[in-house]
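Student: Need a 3D model of the following:
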Amino acid sequence: IKLGHELFDTHPVFKQAIDECAQHLKDKHDYDFKTIWKSEDDALIAQTQHTQVLLFVVEYALAQLWSSFSVTPDYVCGHSVGEYVAAVIAGVMSLEDGLTLIYHRGRLMQSLPAGGDMLVALADLKTIKSILNDNNLDLSIAGINAPRQIVLSGESSEINTLESILTKQEVRAIPVNASHAFHSKLMQPICDEFKAIASQVEFKAPQIKLLSNVTGNFIKDNQITADYWVEHILSAVNFAGCVKTIEQSGCDIYQELGPDGTLIGQAQQSVSSSDAQFVCSLSRDANNSDWLYMLTAVGQLYTQGVEIDWQGYDKPYLCQKVLLPTYPFQRKRYWVDDREKHPSSTLLQRSSAGLISLCSTTDIKEAAVYKDGATGLAKESYTDQLLGENNSLIVDLTLEKTQSILTEQLKELLYWDEETIDPTVAFLELGMDSILGVKWIADINRTFGIELQAVKLYDTPNLDELSSYVYHISLGLNNESTRLATKTDVGQRSR
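Tutor: You can find the predicted model right below:
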């Protein structure tokens, strides 16, 4: 996991922030951050004593990098560990104090015995609480990531029981790969020692509006104390509440400073405004350049009216101005027209009646749609009417071709090497994440001329279910309203 390594090697501001954090951790806690950060041992990095420090330092360095571009936030909000970084950015505590707290937080949590687990349930909070009460399950609500994405935490046996219950009730349950049951009562043994450490820190009122994971609302001037951080360890991360509060305050651009766009995917499920913009800074994908994501993010912010300090952006590098030609460019198009190159390509046309055709021009001439109750010449008349008025026809291969298109999109998105994808396997098990999901939904909407939200990938979690839904929603029909037939079927019926 090479989080920010390219930026460290190429941008002095990011490097300086990393070096500053690493030096403090070495001097104060004898912690060799860079050895851990640059290790290729995934199991080592996955230890919470290292993961928490790594996330804090990289997120802080990203904040300093964006600040050098004069991109400063109106609101700051973190998710669990991220709230410590947000508190430093907001001026609640110094960088040194933030590093000290996160170092001891990870160290103490790592010292706890194993035995706890976590689970994500794709249902609303009321439903989950009702299931817990009805089955006498002693589990903690560890996170409210989105309106229909609730995280549970507690003893492994209780988590396993809950997973079985959710499966029987057809509620999607996803085990979390976590070393401990975070944000639960199983964290209680470390709280006294952590409070003693936090009590030595001087906390100040936030200089930027800061959101609380504990309440989902803005932090008040004297709210941050040692007791608050203890409560933060034990309480649910109300990220959905934080996002809603920010939206109600008028925020319209949401930028994630983290290793990927996970929080953006969660935030999109809580934000109701269709005009909201979401920007991520990095990607976990080793094939993607850190700079590619950073430059894309700069472009997104600039086009949304965010002022970029271009001198600050170019300051670390030696740039030279060049003269552009004084004459106008003479433009001429050389691309081969697609229609001429592929005259028999598959049609994807939306008709005035809301019907969609996924068939070739030959298929249209040879297929028919039966209206309930129509027989004999009436069937042919009805077919002619559809062809004449709508220039579009539904055939028996529509659902199959819908799934074929979605399958090809998914294979391209996931860089799928195998020839086929099992349509019954869940997208999450295939490697889908929130960022890829948002991109795919956008592709689906463009292809089929519909408007789906990213959350639909949770409601229809595999190709079979998604294909059926996209097919029927594109037609404006339900599963029972249309009878499909091919030319062969026509011949059989006419006999």
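Student: Quick check: end-to-end length of stretch 161-176?
Tutor: 15 Å (CA to CA, to the nearest Å).
Student: Give me the contacts around that stretch.
Tutor: For stretch 161-176, contacts defined as CB atoms under 8 Å, 6 or more residues apart in numbering pick out 117-123, 127, 131-132, 135, 137, 139, 151-152, 159, 426, 428, 458, 461. No exception for glycine: its C-beta is placed from N, CA and C like everyone else's.
Student: Which ones among those lie within strands?
Tutor: Asp117, Met118, Leu119, Val120, Ala121, Val151, Leu152 (DSSP state E).
Student: My guess is the second one contacts Ala181. True?
Tutor: Yes - under the criterion of CB atoms under 8 Å, Met118 is in contact with Ala181, at a separation of 6.1 Å.
Student: show me what contacts the spatially closest residue to Ala276 that is not a sequence neighbour?
Tutor: In this structure, Ala276 finds its nearest non-sequential neighbour in Asp252, 5.5 Å apart by CB to CB, 6 or more residues apart in numbering. Residues in contact with Asp252 (CB under 8 Å, 6+ apart) are Ser273, Asp275, Ala276, Gln277.
Student: Pull the most distant pair out of the residues you listed.
Tutor: Greatest spacing in those, by CB to CB: Ser273 and Gln277 (9.7 Å).
Student: Could you list the low-confidence segments of this protein?
Tutor: For the chain, applying pLDDT under 70 flags the ranges 1-2, 327-333, 337-397, 476-495.
Student: Output the longest helix belonging to it.
Tutor: Counting residues, the longest helix found in the chain (DSSP state H) is helix 48-68.
Student: ok, whichever helix or strand comes after that helix: who's next to it in the sheet?
Tutor: Using DSSP states H and E, the helix or strand that follows helix 48-68 in sequence is strand 75-76. For strand 75-76, the paired strands and their directions (DSSP bridges) are strand 209-210 (parallel).
Student: same for the helix or strand just after the strand it pairs with, what does it pack against?
Tutor: Following strand 209-210 in sequence order, the next helix or strand is helix 226-234 (DSSP H and E). Where contact means 3 or more CB pairs under 8 Å, 6 or more residues apart in numbering; DSSP states H and E, helix 226-234 is packed against helix 191-198.
Student: pretty sure Ala205 belongs to a helix, no?
Tutor: No - looking at Ala205 with DSSP: H, G, I helix; E, B strand; the rest coil, it is coil, so not inside a helix.
Student: Please, where are all the strands along the stretch 201-350 of the chain?
Tutor: Secondary structure of the stretch 201-350 of the chain (DSSP state E, counting those that start in this stretch): strands at 209-210, 253-256, 277-280, 349-350.
Student: List just the one of those strands that sits closest to Glu307.
Tutor: When the strands of the stretch 201-350 of the chain are compared by CB to CB, strand 253-256 sits nearest Glu307, at 12.4 Å.
Student: quick one on the thing from earlier: from the contacts of stretch 161-176, keep the buried residues only.
Tutor: For these, a burial check counting by 16 or more other CB atoms under 10 Å picks out 117-123, 131-132, 137, 139, 151-152, 159, 426, 428, 458, 461.
Student: Can you name the residues that contact Thr245?
Tutor: So Thr245 contacts Leu211, Gly216, Asn217, Phe218 (CB under 8 Å, 6+ apart).
Student: For the stretch 1-150 of the chain, which segments count as helices?
Tutor: Assignment of helices within the stretch 1-150 of the chain using DSSP state H, counting those that start in this stretch yields the ranges 5-10, 12-29, 33-37, 42-45, 48-68, 81-89, 95-111, 125-134.
Student: Pipe these into JSON lines and attach distance to Leu466 per row.
Tutor: Shown next, in JSON lines, are those (distance: least, CB to CB, whole Å):
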{"stretch": "helix 5-10", "distance to Leu466": "35"}
{"stretch": "helix 12-29", "distance to Leu466": "39"}
{"stretch": "helix 33-37", "distance to Leu466": "38"}
{"stretch": "helix 42-45", "distance to Leu466": "31"}
{"stretch": "helix 48-68", "distance to Leu466": "32"}
{"stretch": "helix 81-89", "distance to Leu466": "31"}
{"stretch": "helix 95-111", "distance to Leu466": "38"}
{"stretch": "helix 125-134", "distance to Leu466": "23"}
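Student: looking at these, which is buried most?
Tutor: When these are scored by mean count of other CB atoms under 10 Å, the highest mean neighbour count falls to helix 81-89 (a mean of 24).
Student: which ones are touching Trp440?
Tutor: Gln409, Leu410, Leu413, Met432, Leu457.
Student: ok, back up a step: and the longest helix of the chain with helix 81-89, angle?
Tutor: For helix 48-68 against helix 81-89, the angle by axes from the mean of the first three to the mean of the last three CA atoms, to 10 degrees is 40 degrees.
Student: Would you list the buried entries among the contacts of Thr245?
Tutor: Buried subset of the contacts of Thr245 (neighbour count, 16+ other CB under 10 Å): Leu211, Gly216, Phe218.
Student: Of the residues you listed, just say which sits nearest to Lys321.
Tutor: Checking these one by one against Lys321 (CB to CB), the nearest turns out to be Leu211, at 42.6 Å.
Student: how near is the residue nearest to Cys251 when sequence neighbours are not counted to Ala240?
Tutor: Distance criterion CB to CB, 6+ apart; nearest residue to Cys251, sequence neighbours excluded, is Tyr75 at 6.0 Å. Distance, Tyr75 to Ala240, using CB to CB, to the nearest Å: 15 Å.
Student: residues contacting the closest residue to Ala46 other than its chain neighbours?
Tutor: Leaving aside its sequence neighbours, Ala46 sits nearest to Ser179 (CB to CB, 6+ apart; 7.0 Å). By CB under 8 Å, 6+ apart, the residues touching Ser179 are Ala46, Gln47, Thr48, Gln110, Ala114.
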